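Novice: Predicted structure and sequence below. I'll ask about it afterward.
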Amino acid sequence: MAKKRKRRLKKWVKVTLWCILGLVAVLIANSIIKNVRPPKADKGKDKTEKVEEVPLPDTLRNNPSPRISKVNIGKSFNDVNDVQLSAAKKYGIKPIDSRSDVSKLPQSLVMLEDCDSFVVDSLRHSIPFLTPNAWKLLQDIGTAFKDSLSAKGLNPSRLVVTSVLRTKDDVKSLQNGNVNATSESTHCYGTTFDISYSRFGKVPVVDGHPADSVDNYTLHLILYEVMRDLKDKGRCYVKHEKKQTCLHITVRS
């Protein structure tokens, strides 16, 4: 009996030791796993690091319904060539024969360059010079046009100057291709310029913001408003040229 008890005791001790060793092994393994496993992400938060996005500038939109008054073209812009020619001869320069005579032009003439209110078109039959008063008139037209767009909640656009000072040779060249061209052109005196009412210089970016363009129909109506007001103030003569799609303008001083 004593031997049996000793055997049972030894067996119980072995089982107990194995159980203890197994429990210790489990505890050690759990401790190792906890140290190796990454911490859990907080609920509701993205596990990936977000890169801060730089917001793009908002597009400048146009006022969808600007208030524009109607202009009677036939009544407001009907100053014929004889009327404009009289003012051109009175306030302008002596016409030059050809481009080779450009050096003979008065030093007082102003050379036109693109600016924030107008652009000079690719001139085929004229050169970009005006008398100081004609240049001042063009500047005032461009400024009034720009201010009117802003006041109506519209994005900027630039006017397009299509014709300026012509030589006598330029006039002859035009007559060869246009039977309606006059032999005595007001453009020869530096007092006259043409502004397109069908084309405008777009300004796609304003102060770093992309800007929607204003349609040409709206722009030409605003140009008519500006020219009517300046004509009514006695600043200029204006003729609406349908075929050339421009306003033929002569300064009155």
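Specialist: That came through fine.
Novice: So, low pLDDT: which residues of the stretch 101-250 of the chain?
Specialist: Counting by pLDDT under 70, the stretch 101-250 of the chain shows low-confidence ranges at 177-181.
Novice: all strands for it, in order.
Specialist: 110-111, 118-120, 129-130, 157-163, 192-196, 201-202, 205-206, 209-210, 236-241, 246-251 (DSSP state E, counting those that start in this stretch).
Novice: okay if I get those strands as CSV plus mean neighbour count?
Specialist: Backbone N, C-alpha and C define where each C-beta goes, glycine included. Output for the strands of the stretch 101-250 of the chain, formatted as CSV (neighbours: other CB atoms under 10 Å):
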stretch, mean neighbour count
strand 110-111, 15
strand 118-120, 20
strand 129-130, 22
strand 157-163, 23
strand 192-196, 25
strand 201-202, 15
strand 205-206, 12
strand 209-210, 13
strand 236-241, 21
strand 246-251, 25
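Novice: how much space between the closest residue in space to C246 that isn't next to it in sequence and H209?
Specialist: Excluding the flanking residues, the one nearest C246 by CB to CB, 6 or more residues apart in numbering is D194, at 4.2 Å. Distance of D194 to H209, given as CB to CB, to the nearest Å: 32 Å.
Novice: bridging residues for E241?
Specialist: C246 (DSSP bridges).
Novice: Wait, the residue nearest to C246 touches H240, no?
Specialist: No - assessed by CB atoms under 8 Å, D194 is found out of contact with H240, at 11.1 Å.
Novice: OK, contacts around L130?
Specialist: 109-110, 112, 138, 164-165, 190-191, 193 (CB atoms under 8 Å, 6 or more residues apart in numbering).
Novice: okay, now P64: neighbour count?
Specialist: P64: 6 surrounding residues under other CB atoms under 10 Å.
Novice: what do you get for A211?
Specialist: A211: 19 surrounding residues under other CB under 10 Å.
Novice: The one 4 residues further on now?
Specialist: A total of 12 residues lie near D215 under the criterion other CB under 10 Å.
Novice: Okay, it and I249: tell me how far apart.
Specialist: D215 is 23 Å from I249, by CB to CB.
Novice: just to revisit the earlier point, distance to V203 for the contacts of L130 - can I get that in JSON lines?
Specialist: Listed next are these as JSON lines, based on distance: CB to CB, whole Å:
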{"residue": "L109", "distance to V203": "28"}
{"residue": "V110", "distance to V203": "24"}
{"residue": "L112", "distance to V203": "19"}
{"residue": "L138", "distance to V203": "18"}
{"residue": "V164", "distance to V203": "22"}
{"residue": "L165", "distance to V203": "27"}
{"residue": "G190", "distance to V203": "29"}
{"residue": "T191", "distance to V203": "29"}
{"residue": "F193", "distance to V203": "21"}
